[in-house]
Each structure stands twice: as structure tokens, then as C-alpha cells.
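Colleague: Structure here, sequence nowhere to be found:
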């Protein structure tokens, strides 16, 4: 089965798509670890940057919208 992706995407130009699901907010925490906590065996993270991105069904909707 040989599918041309471009023609497949072009066939959706006059269609409406409904995305059903949970909308989530993904939080990404970037930082560095210098040591392990003395209270528990977990890393102590020095937060350098925090990013938020759509997740779940919101991410799917954004990806579909990005296709045009």
C-alpha cells in the first residue's frame, strides 16, 4: 500500500476535525543537580528555566492546526 502523504493531507482541506479528550498543560523544569538530599535519596535541583506547553488533546489539536 503506497500512500502519498501530500495528497492525503490535501484531501482534508475542506473538512472539519473535532478533537475530543483531556486538555492538559505540560510543565517542563530544566535545571542542574549538584547533590542528593540528605533527607531522602532524591536529587536537589537548581531550577534554571520553566516552560509550559499544551498537552493531551490540546497538543493534538495544535498539531492538526499546524498541518494547515
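Modeller: Here it is on my side, so go on. Owing to the predicted nature of the structure, the values given are computational and were not obtained by experimental measurement.

Colleague: Look up how far residue 61 lies from residue 22.
Modeller: Going from residue 22 to residue 61 by CB to CB, to the nearest Å gives 12 Å. Glycine gets a C-beta too; all of them are placed from N, C-alpha and C.

Colleague: Show me which of those two is the more surrounded one.
Modeller: A side-by-side neighbour count of residue 22 and residue 61, using other CB atoms under 10 Å, places residue 61 first with 16 against 8.

Colleague: For that one, list the residues it contacts.
Modeller: Contact analysis of residue 61 by CB atoms under 8 Å, 6 or more residues apart in numbering lists 19, 54.

Colleague: Got the confidence number for it?
Modeller: pLDDT recorded at residue 61 is 95.

Colleague: Against residue 31, how distant is it?
Modeller: 30 Å.

Colleague: repeat for residue 60
Modeller: 29 Å.

Colleague: likewise residue 42?
Modeller: Distance, residue 42 to residue 31, by CB to CB: 13 Å.

Colleague: again with residue 67
Modeller: 34 Å.
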